[in-house]
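# I would like the atomic coordinates for the input below:
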Amino acid sequence: MTSNIILFVAAYLLGSIPSGVWIGRIFFHKDIRKYGSGNTGTTNTFRVLGQKAGISVFVIDLLKGTLATCLPYIFGSSINPLWFGLAAILGHTFPIFASFKGGKAVATSGGLLLGYNPAFFFFSLALYLIILYITSTVSLTSMLSAIIITLSTLILPYIAPGILPAHDWLLTLIALGLTIFICLRHKENVGRIKSGTESTIGFGRKKKKQARVK
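Sure thing, here's the model as predicted:
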């Protein structure tokens, strides 16, 4: 019992590592929370600090979710690894090391999938990149991907058992909860998407169309 509590605390603390804040302060002498959207995650890091910093933050945020999910495998706990990944996501979103103001949970949620089911993670990553190519909008892609990934937990056991061999109802419930949470965290983005003022990235079909128009 005590060892499991320690592992849950460790998972939360792993998730609480505010990579965007620390990288901004150490290498750029900037507090990323004072620039752009004020978010500490990957997207705002790309916009404020550049590509190298953005990639670094993405990798760290992904891997801290993966490592947290793998804790019960490493230390022999019988508790479902998904709960530890969820603790890391909670830490990422409400980090004790950054005044409980964190990211929007997308990369760390991906890390949970990587630690729990690598095949399903790479399926989800491919899905994310396809939607990003179509929309050129990170926020919209994150929300749409979360919705489709949740539906995929129900469909894939029938059409692609090599990815999900059986229905995993805990995975579905957690995916559904994270989808709702991610959409709520993107509430301001939804408003900008509706008004046509949401930022886009220099990748995808939409950007190619804009370049041809110019």
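# any idea how far the helix or strand encompassing residue 193 is from the chain center?
Per DSSP states H and E: residue 193 is located in helix 187-195. Centroid separation between helix 187-195 and its chain, computed with C-alpha atoms, centre = their mean, to the nearest Å, is 19 Å.
# contact partners of it?
Residues outside helix 187-195 that contact it (C-beta atoms under 8 Å, 6 or more residues apart in numbering) are 37, 137, 139-140, 143, 183, 198-199. No exception for glycine: its C-beta is placed from N, CA and C like everyone else's.
# mind listing the helices for the chain?
2-15, 19-28, 42-49, 51-75, 81-93, 106-116, 118-135, 138-159, 169-185, 187-195, 205-213 (DSSP state H).
# mean pLDDT lowest for which of those helices?
Among the helices of the chain, helix 205-213 carries the lowest mean pLDDT, a mean of 56.
# turn the helices of the chain into JSON lines, columns for distance to residue 100.
Below are the helices of the chain laid out as JSON lines (distance: least, C-beta to C-beta, whole Å):
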{"stretch": "helix 2-15", "distance to residue 100": "12"}
{"stretch": "helix 19-28", "distance to residue 100": "12"}
{"stretch": "helix 42-49", "distance to residue 100": "17"}
{"stretch": "helix 51-75", "distance to residue 100": "16"}
{"stretch": "helix 81-93", "distance to residue 100": "9"}
{"stretch": "helix 106-116", "distance to residue 100": "15"}
{"stretch": "helix 118-135", "distance to residue 100": "27"}
{"stretch": "helix 138-159", "distance to residue 100": "21"}
{"stretch": "helix 169-185", "distance to residue 100": "14"}
{"stretch": "helix 187-195", "distance to residue 100": "18"}
{"stretch": "helix 205-213", "distance to residue 100": "35"}
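# distance to residue 99 and mean neighbour count added to these, as CSV?
Converted to CSV, these look like this (distance: least, C-beta to C-beta, whole Å; neighbours: other C-beta atoms under 10 Å):
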stretch, distance to residue 99, mean neighbour count
helix 2-15, 15, 18
helix 19-28, 10, 19
helix 42-49, 16, 23
helix 51-75, 18, 20
helix 81-93, 13, 25
helix 106-116, 18, 26
helix 118-135, 29, 16
helix 138-159, 23, 19
helix 169-185, 17, 17
helix 187-195, 19, 13
helix 205-213, 35, 11
